[in-house]
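[1] I'll drop the sequence and a predicted model, then ask my questions.
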Amino acid sequence: MEHTLTTGAPAGHHPHSEKNYLNETTGIWSWMTTVDHKRIGLMYLVAVLTAFTIGGIFALLVRLALLNPQHTLFGKQWVTAEMYNRFFTLHGVVMVFLFIIPSIPGALANFVLPLMLGARDVAFPRLNLMSFYLWVIGAVMGITSMIVGAIDTGWTFYTPYSTAADGTVNLMVMAAFVLGFSSILTGLNFIATVHKLRAPGMGFFDMPLFIWAIYSTAIIQILATPVLAITLVLLAIERSFKIGIFDPAIGGDPVLFQHFFWFYSHPAVYIMILPGMAIISELIPTFCRKTIFGYRAIAYASVSLALVSFIVWGHHMFVSGQSQLASIVFSALTFLVAIPSGVKVFNWLTTMYKGNITFETPMIYALAFLFLFGIGGLTGIFFATLATDVHLTDTYFVVAHFHYVMMGSTAIAFFGGLHYWWPKMTGKMFNETWGRIGAFLVFIGFNVTFGSQFIMGAQGMPRRYFNYLDQYANIHMVSTVGSWILGLAFLIMAINLLASLKTGAKAPKNPWGGTTLEWETDSPPIMHNFHDQPVLEHEPYDYRHRTS
Amino acid sequence: MSSTTADLQHGHGHDPNAPESDPHFQHHFTTMEQQFDTSKIGMWLFLVTEVLTFGGLFAGFGLLQGKYPQEFIEAHEHLQRLAGAGNTVVLLFSSFTMVMAVLSAKSNQKEKTVRYLWMTVACALIFMCVKAYEYHHKFEEGLLPGLWYSHEGDLIKGSHGYASFFSFYFMMTGLHGLHVVIGAIMLSWLAIRANRGEFSSNYYTPIDLVGLFWHLVDLIWIYLFPLYYLIK
Amino acid sequence: MLPQQGSDFAKEVDYVYMGIFWLSVVMFIGIVVAMLYFSWRYRYVPGRVTPHQTHNTTLEIVWSVLPLLLCVGLFFWGMKAYMKFIVSPGDAMEVQVTGQKWQWQFEYPDGTRSLNELHLPVNKPVRLVMTSVDVIHDFYIPDMRIKHDVVPGRYTQIWFTPTMLGDHVGTCAEYCGKGHSDMRAKVSVETDADYAKWMATGGTEWEEYKTHMQDWGKIQWDRKGCATCHTVDGSSSKGPTWKGMFGSQVKVKQSDGKVVTVTIDENYVRESIMQPGAKVVDGFENIMPTFQGLLRQNELDGLMAYIKSLQ
């Protein structure tokens, strides 16, 4: 990748902008051993997009398997229940552990966070490289185990199914363990960076809201991930040595696994959504050319979401056999999540009020986010409410709900952010028309694919079902067609971005008129980010000093 | 990192008169003090993850203790309280030698630093020997986790409660023991480096950080000891 | 949008569901309309300066507190319906449900069993007491709006009152492997008369064994407790062994104390099951309880065929 970039850069510009982080040193080894956060971020970007492609292909296969109740393609059955179970397990594991969790923190925040703080790098550059390599090792272990061992446990590894399942579940579980460490190290790095490496004059409440949300994410990464790590180790030991912690046949408690698992995996949902919100808080003021409304409220909302996320895990278990009193308490606590989420949405909307709004590709993604997160958030209420949760949990309603949050919100925000910082990262502008077409098709395809699943779920179609009743056939077909639109949309996006590397115009320092520090340096930035240490002169998103 | 990469030399070239001409200084910091504080924050955050890792096991222990209260009390009688208490004293003493090692490093007393570090390592070894003796005793008696449980005495085989107790006993003391071993390895490495004179009052970050880690290992044992050896 | 309402619980849940649904629709339309209106009204005009609005405390308190109040309301609404779901009435009929890869087994109060077919009398509360023999399953009847995990090593309960006659789908909602999506049970809600009629035949199991009466009898030997006292391999126990019994001549003690010799035939077997004390085989105690009213005709026929086969 770096070769394309370096050869594509137009020579003979300003003498300052000739050398940048992409071409300061060359050769594959200079990338493999780099401790520069921008290069690591870029490597992360390539890595998570590869994972997204793999996970996406399996998503398309899952949808294709459900195209019709006979599972036929051109009149022939091409897929069995076992294959289908492996497809959705692969899709889930790859998307959750290899794509969403590392996507925004690993790729985008790694690149942008030190720039936004006016720092030269993250606090622990070598640790940063190590967490990237841990990701690579985890990915290799995970994908190997899935190919060799045909894992079909689902990404949740529920016991005792997972303790009894054949295949290389141990390797898979250890892969998730390694990936967990990668995530912990990233979070640790960001917290230390935020505390110690802010530019002179930048107090906590002068930081861009992106940083606040990434900081909140890092808190969760540090507090929740270790619990998942130890749980997975216990699961592997249980499988290998039969020690009787989760397996009821030898005195264990399978519900204990679920408590452990969701104690991590519910906060993990906020590891996914908070960075998405982080990006939206940047995109909206920039394209509205107006200061963000309710800066402190959004900052506090991020932190409180991170904290509340730790006390609501039981809402995944209303019908699992946890005590009913626990279910009632968890239901009440879960409603608390609605408040900071709502506050953020209202603040973003109010920021648009009396703005001066343009609709470049990143802004289209931001508006799509508001629409899709609206649906994803509001459908969450059905699961916080006890009576409706009983009917809807473990159905396609859940599938639709979490895809609206994880993909419709986080992934959409990720792609919005990718377009937003693409000129900064690569020094190239992408084609705006094709960018907008891609964004629009993603929006359409997404709603067709997953909107239809709400209907199925409400009607009582359970998730992870290979065979289904004929009454759901039409909706399943609509959903599958939607997945093709979505696939096409991502193809357009990929081609457009890759083409920009060759043919894109040279990006200016600040193509969108952003106010945060990353726009004050070159595109792409020099190796040490800034020619001179930036000093913060005004709060972020202050457009009084700008002419539009 | 400080010595090899081209970008750092480039950076140093920019301000040759920086007070941080120390070879340990990393370029993306402004002062040595900032670098030290950052490392400390990193270590504290790491310790938080350690606490949560063990926290998960403590919570699991609590849940299964609720499930088998009587069995857990009966099973704990089979632990050697004296060995546990002895190990507690050994670890507490090692925390003291660790503090002394950090203070000696801070005040440029090389010999004392080395001596205290080796003393801490010795405590770790004593701890592990006692632990090995205890484990040996459990293996002899068949007081083992899960399906491996084969005790023939008063704790009848077949009750899952006893096996559960020993599952957690081995898992938690085992993970703690692993931390002691890792700590001992790091301490030995520090002692060797200290002997070479690598640390001074200007730069003793590694000793300070490993010290923090060692205190945590000690602290976890302070919780493990009453949990397993003294429950009623 | 929702499936048909097959239980009184369904009505309650749907009420909450529709409440949340319309509330969400209103809020969602509000968000989207505001977004679209602002996008159009404040579209880019070169040179326009935007106001520096940093916050508005009143507004922010209002949009934090109002949703909070709504949420509190929703919580109690949802909890109210849930409380009904978890506390079953004392007079509910109890059916034992056993989940197993990949089938459902139901056992009714009188010991009748059925496989992948649950028959229930209409308008009578029923409590399902569920457990699994392998992995976690989840019994879900969409029409009844009930669902609960079926966990190995513990018992979980749900209850409901079916109100709608006809067949409903019962299905597994917790992923359990290859056959997960085929783990279905037909839930037939019947009138009292139809239910009684179905019960009288002995469930789906009987259908299976109709043509293998000996095997049917062997199951009854085990299930009705005959096996506790009667062996089938000739060894001695609390009662005479069944091996080689049929057609043989034995001395029996009548209820009046007289000892006579009888040939063991259908009538003797039948009498001994219904009135065990009438003719007790000499040398055995009169300890067998009566099975009068506890055996269906087809079960008795099965036992007879089984005893005959043990020669």
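    The structure has been received and is ready for your questions. Only a predicted model underlies this, so the values are computations on that prediction, with no experimental measurement involved. Numbers count the residues shown, from 1 in each chain, chains lettered A, B, ... in the order given.
[2] show me where the chain has its strands.
    You didn't pick a chain, so chain A it is. For chain A, the strands defined by DSSP state E cover A:72-73, A:76-77.
[3] chain C, not that one
    Using DSSP E, strands in chain C cover C:93-100, C:103-107, C:113-115, C:117-121, C:126-132, C:137-141, C:146-150, C:156-160, C:166-172, C:184-190, C:249-254, C:259-263, C:279-281.
[4] okay, the first one in CSV with CA atoms only?
    Coordinates of the C-alpha atoms in strand C:93-100 are reproduced here as CSV (Å, rounded to 0.1, in the frame of the first residue of the first chain):
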residue,chain,number,x,y,z
MET,C,93,-51.7,-28.0,35.5
GLU,C,94,-48.1,-29.0,35.6
VAL,C,95,-46.4,-30.4,32.6
GLN,C,96,-42.7,-31.5,32.7
VAL,C,97,-40.8,-30.4,29.7
THR,C,98,-37.5,-32.0,28.8
GLY,C,99,-35.3,-30.5,26.1
GLN,C,100,-32.9,-32.7,24.3
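[5] now the angle from it to strand C:117-121?
    On the basis of axes from the mean of the first three to the mean of the last three Cα atoms, to 10 degrees, strand C:93-100 is oriented at 170 degrees to strand C:117-121.
[6] report the inter-axis angle for strand C:93-100 versus strand C:103-107.
    Using the same axes, to 10 degrees: strand C:93-100 against strand C:103-107 is 150 degrees.
[7] returning to that earlier point: closest to residue B:23 out of the strands of chain C?
    Closest of these to residue B:23 is strand C:146-150, at 60.2 Å (criterion: Cβ to Cβ). C-beta: built from backbone N, CA, C; applies to glycine.
[8] of all of chain B, which residue lies closest to chain A?
    When distances are taken as Cβ to the nearest Cβ, chain B reaches nearest to chain A at residue B:160, 2.3 Å away.
[9] burial count for residue 47?
    In the absence of a named chain, this looks at chain A. Residue A:47 sits with 20 neighbouring residues when counted by other Cβ atoms under 10 Å in any protein chain shown.
[10] wrong one, chain C
    When neighbours are defined as other Cβ under 10 Å, residue C:47 has 7 of them.
[11] over to it: give its phi and psi.
    Backbone torsions for residue C:47, taken as degrees, to the nearest 10, come to phi 90, psi -10.
[12] from residue B:41, how far off is it?
    46 Å (Cβ to Cβ, to the nearest Å).
[13] buried residues in stretch A:494-507, which are they?
    Going by neighbour count (16 or more other Cβ atoms under 10 Å in any protein chain shown), the buried part of stretch A:494-507 is A:496, A:497, A:500, A:501, A:504, A:507.
[14] quick check: the fourth one touching residue A:428?
    Yes. Taking contact to mean Cβ atoms under 8 Å, the distance of 5.8 Å between residue A:501 and residue A:428 places them in contact.
[15] pLDDT weak spots in the chain?
    Unless you meant another one, I'm taking chain A. Chain A contains residues with pLDDT under 70 at A:1-17, A:546-548.
[16] ah, I was thinking of chain B
    B:1-21, B:153-158, B:232.
[17] now it against chain C: closest residue?
    As assessed by Cβ to the nearest Cβ, chain C sits closest to residue B:160 within chain B, at 9.7 Å.
[18] what is the neighbour count of that residue?
    21.
[19] that one reaches residue A:242, doesn't it?
    No. In this structure, residue B:160 is not within contact of residue A:242 by Cβ under 8 Å, at 11.7 Å.
[20] since that was my last question, I'll sign off now.
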